[in-house]
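J.: Have a look; sequence and predicted model below, questions after that.
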Amino acid sequence: MGKTMAITGNIAIAIAMKQINPDVVAAYPITPSTEIVQQFSSYVADGAVDTEYIAVESEHSAMSACIGASAGGGRVMTATSSQGLAFMWEMLYIAAGYRLPIVLVCVNRALSAPINIHCDHSDSMGARDASWIQLYAENAQEAYDNTIQAFRIAEEMDVRLPVMSCLDGFIISHSIENMTILEDEEVRRFIGDYKPLNPLLDLENPATVGAIDLQDYYMEHKRQQHEAMLNAKKVILSVGKEYGKLSGRSYGFFEEYRLDDADVAIVVMSSAAGTVKDIVDEYRSKGIKAGLLKPRVFRPFPAEEIADALKNTKAVAVLDRADSFGASGGPLFPEFRSALYDVPNPPKMINKIFGLGGRDFGPDDVRGVFDELVAIKDTGKIKSLKEYITVRE
Amino acid sequence: MKKKGWKEVPIGGVLKDKGSSVAYNSGSWRSFRPVIDLEKCINCMFCWVYCPDSSVIIKGGLVAGFDLEHCKGCGICAKECPPKVTAITMEPESKGPVCG
Amino acid sequence: MAEPLSIKELAKSEELLVGGHRLCPGCGHSIILRQMLHASEYPLVLAMSTGCLEVCTTIYPYTSWKTPWIHSAFENAAATITGVETMYRALKKKGKIDKDVKFVAVGGDGGTYDIGLQSLSGAFERGHNFVYVCTDNGAYMNTGTQRSSATPFAADTTTSPVGKKIIGKQQERKNLTKIAAAHDIPYAAQASPHNWKDLTMKFRKALEIDGPAFLNVVSPCPRGWRTDASETVNLAKMAVDSCYWPLYEVENGKITINYKPKEKVPIFEWLKVQGRFKHLLKPENEGLVKMFQDKIDRDWEDLQKRAGE
């Protein structure tokens, strides 16, 4: 049943990679994900894995080589952050379009400019329309668990989409936490053997991968991707449940924290959820029915399940660790608001942009949001739909 | 060819039917067609090695004629046929029956 | 070591690039690819950068290829093929593949000299076992003849047009074969489809190399060069006979010139039959022709010197 270790998020990912033992890893180092590829390189150097490691000259080539390798017919993985993911952007769409079950660990970091190395979600949110499944982790344990489950989700035949397993840069990637690591054999049994689909290296049945698709077929292939995302929902749930049996930690689309009877709720992803949980407890002890919804799966977006989870709340704040400049809110807000549109008597909803470029998000910031939600619940009035917090005037 | 729906085509845009472009008639592009006099042909096979459209038919190691379904009539074969041989000529499409 | 094949031996192998593709009549690219494919005794996996050859041979639901083939984007044929080649090594090590397979990436001059140079350089440095073939037609032909860094001096392209003040491309070509060889890869060579014997032999040699190999092949383009479709092979020959496109190879640093014309064809003979150079026929542009010729002469001298001749 595994062992408990005190390690950083990055090392947890590197250990997951070692246990997964992919056929090929192609990666390029970038802060704050660098430690992952460093640690993994040492596993390769020591012969602790069978993986062929390609130390490419850029992230663009990293994803290009991942695409070639995956199309070749084996299990493929990479890791990156921020500008690295942005540099891969073109290839992310192609990996998904070719339906290659590549797993990418994204250690979330703000995008330039100005250049910044700390956490926000602008990198992975920029790829949210790329047809990658996206999983977000609150801590190193979840990042490890998500990364292992990612292979099962990606490789399921009626999904066959790449998966991005995201964790917060520095806050999680570089903090040491106690966590439980499964036995190597348990991981290998859980992910199983890789099943190639139309591999290039099947020389008897030569495939043409990457033909030009014009007005007559492009849309049919895009419709298939839509279907794969729909199929992914049930696969994510069944894999999360099965993983629970193995590890004692089950996973769904999101975590609900004291949400059942909540009047006011915060929606926030990743590491910031821990702070919110503390303040939920504090407000509950004061008699305020506060709650939290922490999304784990952002793509596919589980709209119906979210609507169901939030339908009895009176006021909800969606916290975005990235902005969609010029939009009605950050990337999460319009999705959540739209999910609740058809609920009878939907809650009032506001959006807060917080924590950009690693800006601290502390208990007082959470209190401020809950106080505002209580006021909205009592008065029914919203003073500002989208607002920056954790920022100086 | 009847176009297939999204449930019927393989995912990822993969094509598994190797060499399927032979079903496309690029020969319809042609305004001049190559005509070969097999009696003059010395089987140097320059026409074959220089054909951009894989349209010179070889049978039993000998030049046997042209695949007019795919030949676009570029005229390289006639141009590269050795000057002392000139077994290939280019004729306007509107003219006469095909030989070879 | 690979032995040369006669044309009759080449013709015995299966046609792996079949007809029905949509390349222009007289395209150099498919001539080059056909010669190479017929010359290989190994199963090949091909990767192609975005370009004429890639687009025209794989218009869904048709493919002209009978060997495994992948295209992913414009600038990354080298990175893509190294991914496939690495997966091959991984699976071979695990006993999941037993055949000897060779890996070939093909890009045009846009995908190789320009946007794909970093990807190519990285793949050379990492030492993957693959052959990169550049089919150089000297401009971005697939998008309508825009200049590339392989476009010859003074050529009229849609982004280096002949205007009232500027007469075609102002810069000289990038010497990519020299750059490739400067990576100290085991094999780099220039070839031309008119000399099928030389091209097929070079490709066979490249396939035998353990490590990266590079072939730069001149590929006349009737559309972009503004020439008659039937002239393609002849134009390639003139490019070589004028020493515009010398046939040479660099094996482990040693340069061998594979062909020396008995009499160098004046470059004007090559320029004057191409529409992209028609402005050079004007008497006032004689100076440009001289500059063109001088550059060829200098480069040819330099090559002979580097070859120790």
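T.: Arrived safely. A quick note: this is a predicted structure, and the numbers were derived from the prediction, not measured.
J.: all helices for the stretch 51-200 of chain A, in order.
T.: A:59-72, A:82-97, A:122-125, A:140-155, A:184-191 (DSSP state H, counting those that start in this stretch).
J.: again with the stretch 101-250 of chain C
T.: C:109, C:117-126, C:176-181, C:196-208, C:222-225, C:232-241.
J.: Out of those, flag the one nearest C:A73.
T.: helix C:117-126 (9.5 Å; CB to CB). Where C-beta positions appear, they are placed from N, C-alpha and C, glycine not excepted.
J.: what comes up buried for the closest one?
T.: By 16 or more other CB atoms under 10 Å in any protein chain shown, the buried positions in helix C:117-126 come out as C:117-124, C:126.
J.: residue contacts, the closest residue to chain A within the stretch 201-309 of chain C?
T.: Here the residue of the stretch 201-309 of chain C nearest chain A is C:P212; by CB to the nearest CB that distance is 13.6 Å. With contact taken as CB atoms under 8 Å, 6 or more residues apart in numbering or on different chains, C:P212 is in contact with C:123-124, C:127-132, C:183, C:185-187.
J.: Could you save the residues you listed as TSV and add columns showing pLDDT?
T.: Shown next, in TSV, are these (pLDDT from 0 to 100):
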residue	pLDDT
C:A123	98
C:F124	98
C:G127	98
C:H128	98
C:N129	98
C:F130	98
C:V131	98
C:Y132	99
C:H183	98
C:I185	98
C:P186	98
C:Y187	98
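J.: In strands only, show me those.
T.: Per DSSP state E, strands hold the following members of the contacts of C:P212: C:131-132, C:187.
J.: which SS state does the residue lying closest to A:V159 once chain neighbours are set aside fall under?
T.: Ranked by CB to CB, 6 or more residues apart in numbering or on different chains and with sequence neighbours excluded, the top spatial neighbour of A:V159 is A:A232, at 4.8 Å. What DSSP: H, G, I helix; E, B strand; the rest coil gives for A:A232 is helix.
J.: Name the nearest residue to A:F87, ignoring sequence neighbours.
T.: Per CB to CB, 6+ apart, closest to A:F87 is A:E59, 4.3 Å.
J.: What residues does that neighbour make contact with?
T.: A:E59 makes contact with A:28, A:30, A:80, A:83-85, A:87-88 under the criterion CB under 8 Å, 6+ apart.
J.: 7 Å instead?
T.: A:28, A:80, A:84, A:87-88 (CB atoms under 7 Å, 6 or more residues apart in numbering or on different chains).
J.: how about CSV for those, with distance to A:R367 added?
T.: CSV is the format used below for the contacts of A:E59 (distance: CB to CB, whole Å):
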residue, distance to A:R367
A:Y28, 41
A:T80, 35
A:G84, 36
A:F87, 39
A:M88, 39
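J.: I'd guessed B:A87 sits against B:V35; true?
T.: No. Checked against CB atoms under 7 Å, the pair B:A87 and B:V35 is beyond contact range at 9.3 Å.
J.: Compare neighbour counts for these two and give me the winner.
T.: B:A87 (22 against 19; other CB atoms under 10 Å in any protein chain shown).
J.: Quick check: the more buried one vs B:L68, distance?
T.: As for B:A87, its distance to B:L68 is 17 Å (criterion: CB to CB, to the nearest Å).
J.: same question, A:I54
T.: 47 Å.
J.: What of C:S160?
T.: Counting by CB to CB, the gap from C:S160 to B:L68 is 39 Å.
J.: Over to A:P114?
T.: A:P114 is 64 Å from B:L68, by CB to CB.
J.: can you check C:V289 too?
T.: 42 Å.
J.: Only whichever of the contacts of C:P212 are buried, select them in ChimeraX.
T.: For the buried members of the contacts of C:P212, the matching ChimeraX selection, counting by 16+ other CB under 10 Å, is:
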select /C:123,124,128,129,130,131,132,185,186,187
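J.: Can you add distance to chain A and give the contacts of C:P212 back as CSV?
T.: Converted to CSV, the contacts of C:P212 look like this (distance: CB to the nearest CB, whole Å):
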residue, distance to chain A
C:A123, 8
C:F124, 10
C:G127, 11
C:H128, 8
C:N129, 12
C:F130, 11
C:V131, 15
C:Y132, 14
C:H183, 12
C:I185, 15
C:P186, 19
C:Y187, 21
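J.: Quick check: buried residues in stretch A:105-112?
T.: Buried, per 16+ other CB under 10 Å, within stretch A:105-112: A:105-111.
J.: quick one: which of the residues you listed is nearest to chain C?
T.: A:V105 (17.9 Å).
J.: Fine, thanks again, bye for now.
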